[in-house]
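Novice: Next come a sequence and a model predicted from it.
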Amino acid sequence: VIIDGRMQIVLIFAGLRGAMSFALVETVPMFDSSTGEGSRYKPELKAMTSACIMFTVFVLGGYTNYLLERLGLGPAGKDEEKIEMVPL
């Protein structure tokens, strides 16, 4: 299977939307003052990761349809989709 450059751009925009980054930030342990292990910044990391995920879902996800049309990868028969509405 050959994936050309146009389809690679679409795959970048229509990717996993942060599932891997959120799973990675969940593995960071909370800071334990008695042992000194973990991160004090886990809540901030989760907030930043969630904000990035929300941005990519709504902005890049919303842009995907326009990107497909711009790259010529949209539906081939746009004229065929038009339905004439006639009164009864």
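Specialist: Looks like it arrived, so ask away. Numbers count the residues shown, from 1 in each chain.
Novice: what are the ranges of the helices in the chain?
Specialist: 5-13, 19-26, 42-55, 61-71 (DSSP state H).
Novice: can you list these in a markdown table and add mean neighbour count and mean pLDDT?
Specialist: (Each C-beta comes from the backbone N, C-alpha and C, glycine too.) Formatted as a markdown table, the helices of the chain follow (neighbours: other C-beta atoms under 10 Å; pLDDT from 0 to 100):
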| stretch | mean neighbour count | mean pLDDT |
| --- | --- | --- |
| helix 5-13 | 12 | 85 |
| helix 19-26 | 13 | 89 |
| helix 42-55 | 13 | 92 |
| helix 61-71 | 13 | 86 |
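Novice: quick one: which of the ones you listed is nearest Ser34?
Specialist: Closest approach to Ser34 among those (C-beta to C-beta): helix 42-55, 16.7 Å.
Novice: The closest one - contacts with which helices or strands?
Specialist: helix 19-26 (3 or more C-beta pairs under 8 Å, 6 or more residues apart in numbering; DSSP states H and E).
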